[in-house]
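> when you get a sec, could you give me coordinates for this:
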Amino acid sequence: MDRKSNHSAPVLTDPTLMSKSRLGIHSSLYSPPGVVFSPGLFITMQRKKSIKLEDVRSSWLDSMKSSSPTHRKIAKDSGIEILSADADAAYRNWMLKYPSALSAFEHITNYAKGKRLALFLDYDGTLSPIVDNPDCAFMSNAMRAAVRNVAKCFPTAIISGRSRDKVFEFVGLTELYYAGSHGMDIMGPVQSMSNDHPNCIRSTDKQGKEVNLFQPASEFLPMIDEVFRSLVEITKEIKGAEVENNKFCVSVHYRNVDEQSWTTIAQYVHDILKDYPRLRLTHGRKVLEVRPVLDWDKGKAVEFLLESLGLSNCDDVLPIYVGDDRTDEDAFKVLREGNHGYGILVSSAPKESAAFYSLRDPSEVMEFLKSLVLWKESSSP
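Predicted structure coming up:
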């Protein structure tokens, strides 16, 4: 059954400014409006009399709310979390469409028999809990051990919106591969690539091991740095706002900002981006993300890593991607449309997804990783 996702990222930008000939863009990764953006969620900012600014701001607020669902109300009795009956029933009904990857583990491993498994993991909300301060999104020692052990069994990569250096700082494991900035900064294995990747160069990691470094948005670095400095300056008076430089994208966090100021943040970011038609604005969980206008995302990062691992176009390969955010939907779609892998959505609340399975939170992710290791050990000759 095909399940289409409604998680395309809304964009706040000005399509009238985006002319390929005007911009002089020669990169094959450039994608004009209508290809990168979802038309249903595109908010045009043309100066038409029929569109009132307050209506546009209302649309911004709606988009920010829809991408930042509030957590379900949970009662606590003696330290035990108790879901309300209605919320619990809604979640159980949702799981009929997105079964637990733990409950369906035997089905997953039966399909995986005789196949080479490759594992891809998001970081925030998947390996670590969502926290108020993004600089404090630390993973537990138990989770780190689980990731290390699973990476010893299967090729494993973390694909995050964070900068690659920041993710490595949080994880600190050399047994796996890292892709930062939504896959725009990949450090992967050295393999002969079947396709021509002009932005892929040989490099060495911190341990001196030879790797491939792929950075398709490298030409955007000066522009991203400039926008980062501007956003820091313009948002400094908004209490709780935090701007994070993720190298090839900039994240404006509003998790700790009063909701009355959300449209103000959106207005500030839009005002700056009006001068940068080669950048776009997308939504995450209580975060606005400024990214290059490139036909590149986490789904393409998965395809690139599979190719560099020598695992693409193989019938005996089973990729599994575990993530919790809108940007992970691009990877879920790649696996679903190719009909050769499983997406697993991490969520404690019902929402539409292109994933096949679900896990409730990082603790269940850890249990799933441990189960994979036990299965591998028990099935090895």
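
> and the contacts of the longest helix along the chain?
Longest among the helix segments of the chain by residue count, using DSSP state H, is helix 362-379. Residues outside helix 362-379 that contact it (CB atoms under 8 Å, 6 or more residues apart in numbering): 100-102, 105, 109, 113, 117, 119, 121, 125-129, 139, 142-143, 146-147, 149-150, 153-154, 322, 344, 346, 359. The C-beta positions use only the backbone N, C-alpha and C, and glycine is treated the same way.

> of those residues, grab the buried ones for ChimeraX.
With 16 or more other CB atoms under 10 Å as the criterion, this ChimeraX line picks the buried residues out of the contacts of helix 362-379:
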select :101,102,105,109,117,119,121,125,126,127,128,129,139,143,146,147,149,150,153,154,322,344,346,359
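
> what about the helices in the stretch 51-200 of the chain?
53-66, 85-97, 105-112, 141-153, 164-171 (DSSP state H, counting those that start in this stretch).

> from memory residue 167 sits against residue 161, does it?
No - with contacts counted by CB atoms under 8 Å, residue 167 stays clear of residue 161, the gap being 9.3 Å.

> more neighbours: the two, which one.
Neighbour totals were compared for residue 167 and residue 161, and residue 161 leads with 29 against 25 (other CB atoms under 10 Å).

> could you find the closest non-adjacent residue to that one?
Closest residue in space to residue 161, ignoring its immediate chain neighbours: residue 182 at 5.1 Å, by CB to CB, 6 or more residues apart in numbering.

> relative to residue 251, how far out is that neighbour?
10 Å (CB to CB, to the nearest Å).

> okay, the two: which has more neighbours?
Neighbour tally, residue 182 and residue 251, criterion other CB under 10 Å: the higher count belongs to residue 182, 29 against 22.

> for the more buried one, what are its contacts?
Residues in contact with residue 182, defined by CB under 8 Å, 6+ apart, are 159-161, 248-249, 289, 291, 296-298, 301, 327.

> mutual contacts of residue 167 and residue 161, please.
What both residue 167 and residue 161 touch, as defined by CB under 8 Å, 6+ apart, is the set residue 180.

> pretty sure residue 335 sits against residue 321.
Yes - between residue 335 and residue 321 there is a contact under CB under 8 Å: 6.0 Å.

> overlap in contacts of those two?
With CB under 8 Å, 6+ apart, residue 335 and residue 321 have common neighbours 302, 341-343.

> farthest pair within those residues?
Farthest-apart pair in those is 302 and 342; separation 12.1 Å (CB to CB).

> and those two? Which one has more around it.
residue 302 (27 against 22).

> quick one: low-confidence parts of the stretch 51-200 of the chain?
For the stretch 51-200 of the chain, the stretches with pLDDT under 70 are 51-63, 65-84, 191-198.

> please redo it, this time with the cut-off set to 80
51-86, 190-200 (pLDDT under 80).

> how about stretch 164-173 as PDB, C-alpha atoms only?
Provided in PDB are the C-alpha atoms of stretch 164-173 (Å, rounded to 0.1, in the frame of the first residue of the first chain):
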ATOM      1  CA  ARG A 164      29.000  17.100  10.900                       C
ATOM      2  CA  ASP A 165      31.500  18.300  13.400                       C
ATOM      3  CA  LYS A 166      28.800  19.000  16.000                       C
ATOM      4  CA  VAL A 167      27.300  15.500  15.600                       C
ATOM      5  CA  PHE A 168      30.600  13.800  15.900                       C
ATOM      6  CA  GLU A 169      31.300  15.800  19.000                       C
ATOM      7  CA  PHE A 170      28.000  14.500  20.500                       C
ATOM      8  CA  VAL A 171      28.500  10.900  19.400                       C
ATOM      9  CA  GLY A 172      32.200  10.500  19.500                       C
ATOM     10  CA  LEU A 173      32.300   7.100  17.700                       C
END
